[in-house]
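Asks: Based on what follows, work out the 3D shape:
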Amino acid sequence: MLFFGGDSMEKEKSCGAVIYKYFDDVLKVLVIKHNSGHYAFSKGHMEKNETEIETAIREIKEETNLDVIIDDGFRFINTYSPKQGVIKDVVYFVATPINNDVIPQSSEIAEINWYDVDSAYDIITHNDTKEILRKAVEYLTYEKKDV
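Replies: Numbering: from 1, shown residues only. Model prediction:
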C-alpha cells in the first residue's frame, strides 16, 4: 500500500553574503566564478549546530580566504529548486572584509574579482542573484546609515 502526502521534498539550506568594499568611494562587490562556470556570491551549506551567520563566515573563509564582518541588518532568502525533489533556501547577508588576501578555493572557485555594481550586475549569471545584488545595494545605499 502506498501513502501519499506529507512533505516529500528534500530541503537544503545554505548561507552566504554579498561582500562589499569601497575603493576610492566606489562601491564594489566580490563576485565568484564557480568552476561550473556561473558567477555568483559566496555561499555554502549549513552544518549541524551552526547559525546562519556562522555558516556564512565559514563558507566565505573557505571559498575566498577572507575574514568578514556580517551585517545581519540585511537578510534576504532566495528559494529555488537546484534539482528535482529538492527545495533550497539560501540566506544572504551583506559583509565587509577584515583582510584583503583573496585566495580562491581551487576545488570550487575558478576566479574571484571585485566589480563595481554595474559590472557585477552584467556578469552575474542568474536573475535571482542579480535581484540579491539589487536588494543589497539598495540596503547599503539607502537604509544603512553608517556606511
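
Asks: Can you name the residues bridging to residue 69?
Replies: Residue 69 forms beta bridges with residue 96, as assigned by DSSP bridges.

Asks: Tell me how many other residues crowd it.
Replies: Using other Cβ atoms under 10 Å, residue 69 has 11 neighbouring residues. Bear in mind the C-beta positions are built from the backbone N, C-alpha and C, glycine included.

Asks: Now stretch 67-80: average pLDDT?
Replies: For stretch 67-80, the mean per-residue pLDDT is 95.

Asks: Tell me which other helices or strands the helix or strand harbouring residue 89 touches.
Replies: Using DSSP states H and E, residue 89 falls within strand 86-97. Applying 3 or more Cβ pairs under 8 Å, 6 or more residues apart in numbering; DSSP states H and E, we find strand 86-97 packed against strand 10-23, helix 52-64, strand 68-80, helix 127-138.

Asks: Give me the contacts around the next helix or strand after that strand.
Replies: With elements assigned by DSSP H and E, the helix or strand that comes after strand 86-97 is strand 109-116. Residues from elsewhere that reach strand 109-116 (Cβ atoms under 8 Å, 6 or more residues apart in numbering): 21, 23, 26-35, 37, 63-64, 102, 104, 123.

Asks: Let me see the contact set for the closest residue to residue 46 other than its chain neighbours.
Replies: Spatially, and ignoring its direct neighbours in sequence, residue 46 is nearest to residue 55 (4.5 Å; Cβ to Cβ, 6 or more residues apart in numbering). Residues near residue 55 by Cβ under 8 Å, 6+ apart: 14, 15, 44, 45, 46, 47.
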